[in-house]
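Participant: I'd like to go over a predicted model; first the sequence, then the structure.
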Amino acid sequence: MPAEGRKWHFGVLSFSGTGHLNPLLSLSQKLKERGHKVTFFEKPKIESRVLQAGLEFFRIEANKSSSESKKSPPKGSGVWSDISRLRSNLKRINHELQIFLVETPPALLQREVNALIIDEIALTGPTVAEILRLPYFIISTSVPHNFGWNDLPGISGRWVSHSPFSWVEDAFLEISALRMRGPIRRSLDDYRRHAGLGPVREMQQAFPALAQITQLPQCLDLPRAILPGNFYYTGPFASSGARPFIEFPWGRLDGRPIIYASLGTTRNVQPSVFHLIAEACNDLGLQLVISLGGRFEPDQFAHLPGKPLVTRYAPQIELMKLAKLVITHGGSNTVFEALMEGKPMITIPLAHDQPAVAARLARLNIAEVLPVMRLSAKRLRVAVTKLLNDPRYRDAAQEAQRRIRSIHGSERAVEIIEEALEKWADGREPARRLRATDSSVAHALR
């Protein structure tokens, strides 16, 4: 689509998790480069990141007026603790859902947004779009929820990395804007009914997304005979320009080959896993660099075997370029960035989409998968040695790098978005500025 086409004001309904925010910032920067305006509508915790990326921000105060939403999930182990934690998470999600449904539509009207970019787990997004009659796009930052996350459990190790209660949690918490169950779906159905809309199950027929776009490369996914007509693979939206500057002690790199280890930012495993990684990499003639993802302080790991370089955060993209291999939890950010640099991986999937991502890497011989419940320093050391000495892993990772880099993921996504909006606008009136006095909108905003 030529740069002279229509210009849009995109409202981004995101999620505050790093694995979602980073690719959406990269995509939004590309849209801005094309002359469009982009505003994020989210909780204040990501405001500084959005502004640093050169984009606009509107606060949605999702935590206000609820002491329940501010409580930490109950800790402990056992069935009753699992049930309490699940109930707490469901209450929090339902509370935030209600706040976003109340605050987002008038905020979008105020800022005169005329198209929406909706993170796949921004549950209220399609409903808000339907209320305001705004064209919208669903963005999947990992394996799309509607594909399911339970593929190839024997490869991913999912069956040994989850508690017996995990299948219940999966049934209620593996949710997205396109796929909801249980009390969360009932809450949204109640709101939609009062707004004069049909139930969630009819949402995609009544007011479908112009496109669902995933940054999961097609070459990494499982073979699929049938895909939705509005579904598009691209490739990673990775960009160093969407990341904040991170201080790093580059002078402490000593010239040895580097192993980079990161277990994510939102759900790290116990500190003991970092001890196992350090023990496994000791005396191999390598320098281990560990990023703690902000979950721990480096001083806690001052006496790890082999004295690895441990930091609270790390400039991940830059370190990926130097690393021989990557040890990861299988989060989409780390995996896609490692693939962009052609690095083989050891994956230790912990939760959510990570086992599904790990299974896809193992299927292509890019990674060795080690279930966390059976993890040991010996198993890790065997995997590290295998990846360093077997060129098939490096070759597979470099082939994935070649294919992914040829796609230009964020550029391709922007082309899809612009082309779909041009067709939508030419097929009927361009998205008009809605007013809170319009009868259909006013009814939903009461």
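Facilitator: It's in. All values derive from a computational prediction rather than experimental measurement.

Participant: Under the pLDDT cut-off, which ranges of the stretch 101-250 of the chain? List them.
Facilitator: Scanning the stretch 101-250 of the chain for pLDDT under 70 picks out the ranges 148-175, 240-242.

Participant: Repeat the analysis, applying 90 as the threshold.
Facilitator: 101-103, 121-125, 141-198, 200-206, 219-230, 235, 237-247 (pLDDT under 90).

Participant: Could you give me the buried positions within stretch 36-50?
Facilitator: 36, 37, 38, 39, 40, 41, 42, 43, 46, 49, 50 (16 or more other Cβ atoms under 10 Å). No exception for glycine: its C-beta is placed from N, CA and C like everyone else's.

Participant: now what about that stretch, what contacts it?
Facilitator: With contact meaning Cβ atoms under 8 Å, 6 or more residues apart in numbering, stretch 36-50 is reached by 7-16, 21, 25, 28, 31-32, 55-63, 104, 107-108, 111, 113, 117, 244.

Participant: Show me where the chain has its strands.
Facilitator: 9-13, 37-42, 56-59, 115-119, 136-140, 211-214, 231-233, 258-262, 287-291, 309-311, 323-328, 345-347, 367-369 (DSSP state E).

Participant: Now render these as TSV, adding distance to residue 354.
Facilitator: Shown next, in TSV, are the strands of the chain (distance: least, Cβ to Cβ, whole Å):
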stretch	distance to residue 354
strand 9-13	24
strand 37-42	23
strand 56-59	29
strand 115-119	18
strand 136-140	15
strand 211-214	16
strand 231-233	20
strand 258-262	12
strand 287-291	16
strand 309-311	22
strand 323-328	9
strand 345-347	7
strand 367-369	10
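
Participant: related to what we said a few turns ago, just the buried ones from the contacts of stretch 36-50?
Facilitator: 8-15, 21, 25, 28, 31-32, 55-58, 60, 62-63, 104, 107-108, 113, 117.

Participant: Now do the same contact list for residue 54.
Facilitator: Here residue 54 is in contact with 29, 32 (Cβ under 8 Å, 6+ apart).

Participant: Between its first and last residues, how far does stretch 42-56 reach?
Facilitator: 11 Å (Cα to Cα, to the nearest Å).

Participant: how far is it from where the chain is centred?
Facilitator: 17 Å (Cα atoms, centre = their mean, to the nearest Å).

Participant: cool, and stretch 194-211?
Facilitator: 24 Å.

Participant: on that earlier part again, which one of the strands of the chain lies nearest to residue 407?
Facilitator: strand 231-233 (8.4 Å; Cβ to Cβ).

Participant: Return the set of buried residues in the closest one.
Facilitator: Under 16+ other Cβ under 10 Å, the buried positions of strand 231-233 are 231, 232, 233.

Participant: which residues touch the first one?
Facilitator: Residue 231 sits next to 211, 212, 214 when contact means Cβ under 8 Å, 6+ apart.

Participant: Out of those, which end up buried?
Facilitator: Buried among those (16+ other Cβ under 10 Å): 211, 212, 214.

Participant: The last one bridge partners, please.
Facilitator: It refers to residue 214. Under DSSP bridges, the beta-bridge partners of residue 214 are residue 140, residue 233.

Participant: Now do the same contact list for it.
Facilitator: 139, 140, 141, 142, 143, 144, 231, 232, 233, 234.

Participant: quick check, nearest of the residues you listed to residue 424?
Facilitator: Taking the contacts of residue 214 together and measuring to residue 424 by Cβ to Cβ, the closest member is residue 232, at 15.2 Å.

Participant: returning to that earlier point: adding distance to residue 399, write the buried residues of strand 231-233 out as JSON lines.
Facilitator: Below are these laid out as JSON lines (distance: Cβ to Cβ, whole Å):
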{"residue": "231", "distance to residue 399": "24"}
{"residue": "232", "distance to residue 399": "22"}
{"residue": "233", "distance to residue 399": "17"}
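
Participant: Quick check: residue 367 touching residue 346?
Facilitator: Yes - counting by Cβ atoms under 8 Å, residue 367 touches residue 346, with 6.4 Å between them.

Participant: higher neighbour count, the two?
Facilitator: residue 367 (32 against 26; other Cβ atoms under 10 Å).

Participant: my guess is residue 424 meets residue 134, correct?
Facilitator: No - between residue 424 and residue 134 there is no contact under Cβ under 8 Å: 10.4 Å.

Participant: These two: which is more packed in?
Facilitator: Using other Cβ under 10 Å as the criterion, residue 424 and residue 134 rank with residue 134 on top: 19 against 14.
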